[in-house]
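In: build me a model:
(4 chains)
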2 protein chains.
Amino acid sequence: MKIGELANATATKVETVRYYEKIGLLPPPARTAANYRAYGSEHLARLSFIRRARDLGFTLEAVRELLTLSDDKSQPCEAVDAIARTHLIDIDRKVADLTALRTELDKVIGSCRHGTVAECKIVETLGPR
Amino acid sequence: MKIGELANATATKVETVRYYEKIGLLPPPARTAANYRAYGSEHLARLSFIRRARDLGFTLEAVRELLTLSDDKSQPCEAVDAIARTHLIDIDRKVADLTALRTELDKVIGSCRHGTVAECKIVETLGPR
DNA sequence: TTACCATCTGTAGCAACTACAGACTCAAGA
DNA sequence: TCTTGAGTCTGTAGTTGCTACAGATGGTAA
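Out: Residues are numbered from 1 along each chain as shown, chains lettered A, B, ... in the order given. Okay, the predicted model is just below:
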């Protein structure tokens, strides 16, 4: 499997695949005579894992930990659970922050009377108190 | 007003103030004999504006536009309103994305039976389909 | 053969800061 | 007066997670 095929199979850009290799998330594959990367099914599995975790919003550092943990099948999965729960809390905080911000921005926009900039409540709100 | 005071008054880091100057958001102030930056009240007003806009989640590019617009007081404030509304839509999209992601992550976590990694549904979910 | 694509390495760019290093200025205390 | 500590200066490099080149090969089809 060449890098383009692997990238295609995982909806990843070729550059991103190489990037994951560079930062040590994806092990360096064998090379063809022409120095092309030759991937196997284990690479496909690992990259799928990475992509899915990234889609769920895990940072690359979290993905790295999840990969390490998932490599030792006999361990209890508490650590995995902990990482996921921490991430969930993180998302909840972000949603709360964004929602609060939305409320405020909505209020600011609602105050606009569509006159000149001099009278604009949006601009006024942004200025010094 | 020295840079530290200005930074303090606007809850900004000194480095960030210098950064805003470097990228042209904040005009270069006069200098003291010792080459220290000497700010006036117009700088305070402008930096307050920037900070407030940033707190509302506007990008620096949007802030730049808002500043340009707010400098011409006689213009209609439609453009200002448009930037704010675009940003609101952006926030709504982000909240929706995060909420969807949260639902899925919650489902993944809920499937964990707290056994070994080999049986872990979280790890399984992340693997290839 | 010639065109065109994929692949290779290495480097630089994006947002929006943040964190140094190494030199200076300034005010207060012993 | 000397010294100590804090603030300031410039310039550069780091952060996250890629993305986009440039310039050189390799592989394939008309």
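In: how about residue A:104, nearest residue that isn't a chain neighbour?
Out: Counting by C-beta to C-beta, 6 or more residues apart in numbering or on different chains, residue B:56 is the residue found nearest to residue A:104 once chain neighbours are left out, at 6.5 Å. Just so you know, the C-beta spots here come from the backbone N, C-alpha and C atoms, and that holds for glycine as well.
In: hang on, the one you found packs against residue A:103?
Out: No. Under the criterion of C-beta atoms under 8 Å, residue B:56 is not in contact with residue A:103, lying 10.8 Å apart.
In: pick out whichever of these two has more residues nearby.
Out: Remark: of residue B:56 and residue A:103, residue B:56 carries more neighbours, 21 against 10, as counted by other C-beta atoms under 10 Å in any protein chain shown.
In: next, the buried residues of the worst-scoring helix or strand of chain A on mean pLDDT.
Out: Least confident helix or strand, chain A: helix A:121-126 with a mean of 89, by mean pLDDT, DSSP states H and E. With burial defined by 16 or more other C-beta atoms under 10 Å in any protein chain shown, the residues of helix A:121-126 counted as buried are A:121-123, A:125-126.
In: before we move on, what about stretch A:17-27?
Out: Buried residues in stretch A:17-27, defined by neighbour count with 16+ other C-beta under 10 Å: A:17, A:20-21, A:25-26.
In: which positions in chain A make contact with DNA strand C?
Out: Along chain A, the residues adjacent to DNA strand C under the rule C-beta under 7 Å from any atom of the strand are A:2-5, A:7, A:14-15, A:18, A:35-37.
In: swap the cut-off to 10 Å and go again
Out: Proximity of chain A to DNA strand C is assessed by C-beta under 10 Å from any atom of the strand, with A:1-8, A:13-15, A:17-19, A:21-22, A:28-29, A:31-32, A:34-39 identified as the residues in range.
In: quick one on the thing from earlier: phi first, then psi, for the residue nearest to residue A:104.
Out: phi -80, psi 0 (degrees, to the nearest 10).
In: hang on, the earlier thing: which ones among the residues of chain A next to DNA strand C also lie next to DNA strand D?
Out: A:2, A:7, A:13-15, A:17-19, A:22, A:32, A:34-36.
In: will you turn those residues into CSV that also has distance to residue B:79, pLDDT and secondary structure?
Out: As requested, these are exported to CSV (distance: C-beta to C-beta, whole Å; pLDDT from 0 to 100; DSSP: H, G, I helix; E, B strand; the rest coil):
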residue, distance to residue B:79, pLDDT, secondary structure
A:2, 49, 97, coil
A:7, 41, 97, helix
A:13, 35, 96, coil
A:14, 40, 97, helix
A:15, 37, 96, helix
A:17, 42, 97, helix
A:18, 42, 97, helix
A:19, 39, 97, helix
A:22, 43, 95, helix
A:32, 56, 95, coil
A:34, 55, 95, coil
A:35, 53, 96, coil
A:36, 51, 97, coil
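In: closest to residue A:45 out of those residues?
Out: Proximity of these to residue A:45 (C-beta to C-beta) peaks at residue A:17, which lies at 14.0 Å.
In: quick check: residue A:12 is in a strand.
Out: No. Per DSSP: H, G, I helix; E, B strand; the rest coil, residue A:12 lies outside any strand segment and is coil.
In: for it, give me the pLDDT.
Out: Among the per-residue scores, residue A:12 shows a pLDDT of 96.
In: same question for residue A:128.
Out: What the model reports as pLDDT for residue A:128 is 68.
In: which residues are contacting stretch A:114-129?
Out: Outside of stretch A:114-129, the residues that reach it under the criterion C-beta atoms under 8 Å, 6 or more residues apart in numbering or on different chains are A:108-109, A:111-113, B:44-45, B:48-49, B:52-53, B:56, B:66, B:69-70, B:72-78, B:80-81, B:84.
In: sweet, I'm off.
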